[in-house]
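[1] Have a look at this fold, sequence not included:
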């Protein structure tokens, strides 16, 4: 297993803006790290720098405890899996998996055995003699993963590997990638813009915005204790509700803070409940499996509530939304940084 250290990584292109602004990460051996953020945040550039496909303007990259900035991509003990499968259409599955081993001069019998071993792990054994055009999208992606696995690299870099798949396949492949990590024990750095992939796959998540690292922590920490309003809004589906503290009935007098209320922490009532509540009007509802997503126009603005569908009967047009300030996240309205809850809310 191989660890990776990034120290104050900066990157810019000629006649262009700076893409990365002093990013530092310490990735432990065998860790599954997901780098997530919106388009243009620098996450794919960061992956390419680790792979050696691009060079840093400033900063240091260490792989396995050794400086790697001077190393060519083939000397970094790294296997990379891209969004585009990049399979050779004239080669069989077996040949595609073994192709990198052939370039490295491995004997034919040995690389054939390695390809078959990898195919068995990925449940591709029945398809070893097929060409890529005879495979489904998920099977093609597994072949691309198999080609990387065959090298037995210490680090796997994955750049949006599931983005070309339909939703059902994405869900299935997430499970397979998680199981693959458990089997291999390799270090995986996985880039995506999909927050569901980030939360479900990662040991730790690095959240990026505009080339700056916003937070690097476990999924639980990211969700429950986000560093700022951007992180809170980017992770979580449906998205978090933000309400200025002075607008909430039970925090009047508190200014300069914004309360973050997760949809699952709110409760919809047909009649006004005891305790803190906000009056609202149902705009629309969405069924999401066991949950019902309720969009409301309220006295403090638009709010989204996620409730167990079976607990809600027919909703009247006018409703009350109950909340518990102990469940709220608090942010400085000006800076956006998370802060301790105000004394007014802690005493309720």
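    Noted; the coordinates are in hand. Remember, predicted model here, so these are calculated numbers, not experimental data. Residues are numbered from 1 along each chain as shown.

[2] Going by C-alpha atoms from here, please, whenever you check contacts or count neighbours.
    OK.

[3] Go through the helix or strand hosting residue 221 and flag the buried ones.
    Assigned by DSSP states H and E, residue 221 belongs to helix 219-224. Going by neighbour count (16 or more other C-alpha atoms under 10 Å), the buried part of helix 219-224 is 219, 222, 223.

[4] pLDDT and distance to residue 280 added to these, as TSV?
    TSV is the format used below for these (pLDDT from 0 to 100; distance: C-alpha to C-alpha, whole Å):
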residue	pLDDT	distance to residue 280
219	97	32
222	97	30
223	96	27
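
[5] can those go into CSV with extra columns for distance to residue 34?
    CSV is the format used below for the buried residues of helix 219-224 (distance: C-alpha to C-alpha, whole Å):
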residue, distance to residue 34
219, 10
222, 12
223, 14
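
[6] Now do the helices in the protein.
    43-51, 93-103, 108-121, 137-150, 167-184, 195-201, 219-224, 229-234, 343-346 (DSSP state H).

[7] Where in the protein is the helix or strand with the lowest mean pLDDT?
    helix 343-346 (a mean of 55; mean pLDDT, DSSP states H and E).

[8] neighbours of residue 53, just the number please.
    11 (other C-alpha atoms under 10 Å).

[9] List the contacts of the closest residue to it other than its chain neighbours.
    In space, and not counting its chain neighbours, residue 53 is closest to residue 73: 6.5 Å by C-alpha to C-alpha, 6 or more residues apart in numbering. Under the criterion of C-alpha atoms under 8 Å, 6 or more residues apart in numbering, the neighbours of residue 73 are 51, 52, 53.

[10] which of the residues you listed lies closest to residue 129?
    residue 51 (30.8 Å; C-alpha to C-alpha).

[11] what about the closest one, distance to residue 127?
    Between residue 51 and residue 127 the distance is 30 Å, computed by C-alpha to C-alpha, to the nearest Å.

[12] So for those two, which residue has more residues nearby?
    residue 51 (25 against 17).

[13] Would you mind listing the residues in contact with the more buried one?
    73, 76, 78, 80, 157.

[14] Which residue lies nearest the spatial centre of the protein?
    By C-alpha atoms, centre = their mean, the chain has its centre lying nearest to residue 198, at 2.2 Å.

[15] any idea how far residue 95 is from residue 104?
    14 Å.

[16] who's more crowded, those two?
    residue 95 (22 against 9).

[17] For that one, which residues are in contact?
    So residue 95 contacts residue 115 (C-alpha under 8 Å, 6+ apart).

[18] for the protein, which strand is longest?
    Identified as the longest strand of the chain according to DSSP state E is strand 277-288.
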